[in-house]
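In: Using only what follows, build the 3D model:
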Amino acid sequence: MKSKIYKNFDLKKFIKLLQPQDFDNQKQIYLDFLQSCSTKKESANQIEERWSKSGFDNLLDSMMETGKFFPYVSDNFKLEEKKSFKVDEDYIGESKTFFLISSKVNKTFYVIIYISEEDGNDGFYVAKKFKDKKKAKIFIKNETKID
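Out: Alright, predicted model coming up:
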């Protein structure tokens with residue numbers, strides 16, 4: 001399956017890099033995507049620099065926020081569900097969005113979290129992955145309960 005946005009994209013490599021992790025204020029999935037596009041001729045840092053100069057990184061960033069990133073990267077991925085909420089009602093600038101993304105190739109459901117912070121210290125990462133869609137939906141439901 002080809003990437004719609006980058007000819008050297010290696011889907012197998014990208015899927016291998018999509019591992020659950022804790023939030024660390026990085027757009028980890030973006031970094032994984034860069035690694036998956038790198039070749040012997042062009043490193044991830046070189047790609048990132050080129051995309052930054054052209055403004056392409058801003059387009060990808062907006063796609064991360066809306067849930068369009070994965071389906072745009074490859075037709076292997078499908079956005080199944082999106083759920084957003086404010087982290088703290090008293091703190092206006094921070095929100096969290098959960099995306100349920102399915103992968104045709106490895107028949108896996110990824111729970112992706114995008115955290116938007118007012119200071120721009122956003123994060124985009126894999127929180128958990130499942131083989132069962134119902135379990136993934138239950139996880140999102142439990143994580144987004146407001147006490």
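In: Could you list the low-pLDDT ranges of this protein?
Out: 1-6, 24-25, 86-93, 118-121, 146-147 (pLDDT under 70).
In: just the strands in it please.
Out: 77-88, 91-103, 108-116, 123-130 (DSSP state E).
In: buried ones in the longest one?
Out: Put plainly, it is strand 91-103. 95-103 (16 or more other CB atoms under 10 Å). (C-beta placed from N, C-alpha, C; glycine too.)
In: nearest to residue 138, of those residues?
Out: Closest to residue 138 out of those is residue 100 (11.0 Å), distances taken as CB to CB.
In: pretty sure that closest one contacts residue 137?
Out: Yes: using CB atoms under 8 Å, residue 100 is in contact with residue 137, at 6.7 Å.
In: Mutual contacts of these two, please.
Out: residue 81 (CB atoms under 8 Å, 6 or more residues apart in numbering).
In: can you redo the strands of the chain as CSV with distance to residue 53?
Out: Converted to CSV, the strands of the chain look like this (distance: least, CB to CB, whole Å):
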stretch, distance to residue 53
strand 77-88, 27
strand 91-103, 28
strand 108-116, 24
strand 123-130, 21
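In: Which among those is found nearest to residue 20?
Out: Short answer: strand 123-130, nearest of the strands of the chain by CB to CB, at 5.1 Å.
In: Give me the angle between that closest one and strand 91-103.
Out: 40 degrees (axes from the mean of the first three to the mean of the last three CA atoms, to 10 degrees).
In: Direction included, what does strand 123-130 pair against?
Out: strand 108-116 (antiparallel) (DSSP bridges).
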